[in-house]
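Chemist: A predicted structure for the sequence below; I have some questions about it.
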Amino acid sequence: MDHLQAMRVFTRVVDANSFTLAADSLNMPRATVSTVVRRLERHLGARLLNRSTRRLSLTPDGAAYYERCTGILADVEDAESAFRDRARGPRGRLRIDAPPSLGRLILIPKLCDFHHRYPDIELVVGLSDRQVDMVQDAVDCVLRIGELQDSSLIAKRIGIFKTVTCAAPSYIERYGSPQAIEDLDRHRAVNYFVTRTGRNLDLSFKVGDEIVNVPLKGALSVNDAEAYVSAGVAGFGLIQPPRYMVEPLLESGELVEILEAWSPPSVPISVVYQQNRHLSSKVHVFVDWITDVFQGCERMKKCGGDGGDRLDRDCRFAANPAAAYGLQELLEQRNLLESVL
């Protein structure tokens with residue numbers, strides 16, 4: 001039996017919490033994965049997994065063996081990559097996930113530069129607001145929007161941007177322009193709803209050191225960033241998108257900024273990856289590259305907040321690995337900032 005391969009299969013089953021998902025990520029038949037784990041258990045003389053029709057769970061022996069396996073495999077990968085990458089450079093498939101607006105406006109236009117620097121890295125980029133589980137979906141790193149807290153994942157803050165309250169001239173002509181937050185009870189919003197719950201997210205304003213959330217009624221609710229902005233341009237109501245998305249529309253007059261004295265809080269952008277003692281070279285070079293992209297991006301400089309030293313800081317954060325991210329999380333996290341400040 002190939003002990004290292006058996007360890008890789010076992011740890012992948014544990015990480016994915018599924019024989020089927022582990023088999024898919026390893027490009028192996030499910031039956032082969034199941035056979036490898038059973039042989040490993042016979043070889044060790046211990047049961048590693050409790051199996052049922054609905055879920056898998058580690059036995060106490062399995063948990064102890066999993067911890068040892070991850071350390072051994074990390075050391076092996078580190079030893080091999082130290083020589084392999086020095087001679088050939090980083091290579092392999094790199095799976096990235098990003099919010100659609102960040103991906104289309106900032107990431108994708110720059111990816112040719114990354115490819116020219118690292119031609120042996122195959123890029124697989126997902127752009128959606130769907131829920132992403134970094135382990136089960138075998139994603140190497142994600143771009144995430146919003147405040148992050150402590151956990152087993154690692155986040156490097158790469159940018160901070162502002163959101164803006166705005167409306168179309170046709171809306172202002174019909175309803176007028178609010179001069180203070182108190183005037184909003186006579187106004188309507190394009191509501192952005194959380195897919196998981198169907199709940200509309202409030203508009204949010206920074207008033208001194210406090211965050212004030214204001215729910216508004218509206219004739220339209222959406223859960224897509226581009227549809228949200230398009231509905232605002234069409235005059236359906238007030239919107240609060242990231243400024244980098246709508247700066248050209250503000251310059252052309254298709255949207256008009258309102259309530260400038262009570263702007264929404266600035267929101268951070270981070271690149272997130274799994275916690276490993278030895279960060280793979282392909283992830284390492286991408287993290288460094290995307291950090292430089294955001295810090296040199298003219299759109300972000302023009303539309304972003306003052307990140308200061310925080311842009312170079314790594315931090316752990318607790319996030320449900322299946323949490324979605326995008327404009328939905330931008331708005332939802334922004335509404336939660338009151339409890340953070």
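Modeler: Structure's in. What do you need?
Chemist: Walking through the protein, point out its strands one by one.
Modeler: 49-51, 56-58, 92-98, 121-127, 141-145, 153-161, 166-167, 190-192, 203-207, 210-214, 220-222, 256-257, 267-274, 314-317 (DSSP state E).
Chemist: what helices or strands is the longest one leaning on?
Modeler: Spelled out, that is strand 153-161. Counting contacts by 3 or more Cβ pairs under 8 Å, 6 or more residues apart in numbering; DSSP states H and E, strand 153-161 is packed against strand 267-274, helix 281-296, helix 298-303, strand 314-317. Where you see a C-beta, it was placed from the backbone N, CA and C, and this is true even at glycine.
Chemist: let's see 6 Å
Modeler: Here strand 153-161 touches strand 267-274, helix 281-296, strand 314-317, going by 3 or more Cβ pairs under 6 Å, 6 or more residues apart in numbering; DSSP states H and E.
Chemist: Ok, the first one next?
Modeler: In terms of contacts (3+ Cβ pairs under 6 Å, 6+ apart), strand 49-51 is not packed against any helix or strand.
Chemist: What lies in contact with that strand?
Modeler: Strand 49-51 is touched from outside by 56, 57, 59, 62, with contacts defined as Cβ atoms under 6 Å, 6 or more residues apart in numbering.
Chemist: By neighbours, which of those wins?
Modeler: residue 62 (22 neighbours; other Cβ atoms under 10 Å).
Chemist: Please report phi then psi for the nearest residue to that one once chain neighbours are set aside.
Modeler: Among residues not flanking residue 62 along the chain, residue 48 sits closest, at 3.6 Å (Cβ to Cβ, 6 or more residues apart in numbering). Backbone torsions of residue 48, given as degrees, to the nearest 10, read phi -100, psi -30.
Chemist: Double-check residue 48 against residue 41; I have them as touching.
Modeler: Yes: assessed by Cβ atoms under 6 Å, residue 48 is found in contact with residue 41 at 5.4 Å.
Chemist: quick one, which of these two is more surrounded?
Modeler: Comparing residue 48 with residue 41 by other Cβ under 10 Å, the one with more neighbours is residue 48, at 22 against 19.
Chemist: got a list of what the more buried one touches?
Modeler: 41, 62, 65.
Chemist: which phi and psi does residue 208 have?
Modeler: According to degrees, to the nearest 10, residue 208 has phi 70, psi -120.
Chemist: Kindly report the same for residue 118.
Modeler: According to degrees, to the nearest 10, residue 118 has phi -130, psi 70.
Chemist: still on that earlier bit, using TSV, lay out the contacts of residue 48 together with pLDDT.
Modeler: Shown next, in TSV, are the contacts of residue 48 (pLDDT from 0 to 100):
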residue	pLDDT
41	92
62	91
65	92
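Chemist: what would those look like in TSV with distance to residue 190?
Modeler: Conversion of the contacts of residue 48 to TSV gives the following (distance: Cβ to Cβ, whole Å):
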residue	distance to residue 190
41	56
62	50
65	53
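Chemist: Cross those residues against helices and list the overlap.
Modeler: 41, 62, 65 (DSSP state H).
Chemist: closest to residue 16 among these?
Modeler: Proximity of the ones in helices among the contacts of residue 48 to residue 16 was ranked by Cβ to Cβ; the top entry is residue 62 with 14.6 Å.
Chemist: Relative to residue 55, how far out is that closest one?
Modeler: To residue 55, residue 62 is 14 Å away according to Cβ to Cβ, to the nearest Å.
Chemist: Kindly report the same for residue 142.
Modeler: Distance from residue 142 to residue 55, by Cβ to Cβ: 25 Å.
Chemist: How about residue 191?
Modeler: 36 Å.
Chemist: Same drill for the two, tell me which one is more crowded.
Modeler: Neighbour comparison, residue 191 and residue 55: the larger count goes to residue 191, with 26 against 9 (by other Cβ under 10 Å).
Chemist: Model confidence score at that one, please.
Modeler: Note for residue 191: predicted pLDDT of 91.
Chemist: partners of it in the sheet?
Modeler: residue 221 (DSSP bridges).
Chemist: Residue 201 is in contact with that one, correct?
Modeler: No: the criterion here is Cβ under 6 Å, and residue 191 misses it with residue 201 at 7.3 Å.
Chemist: so residue 212 touches residue 205, yeah?
Modeler: Yes: here residue 212 reaches residue 205: they are 4.9 Å apart, a contact under Cβ under 6 Å.
Chemist: So which of the two has more stuff around it?
Modeler: Neighbours of residue 212 and residue 205, each counted by other Cβ under 10 Å, are more numerous for residue 205; the result is 20 against 14.
Chemist: The closest residue to the more buried one other than its chain neighbours: neighbour count?
Modeler: Distances taken as Cβ to Cβ, 6+ apart put residue 262 closest to residue 205, at 4.2 Å, once the chain neighbours are dropped. As a burial measure, residue 262 scores 17 neighbours (other Cβ under 10 Å).
Chemist: Good, wrapping up.
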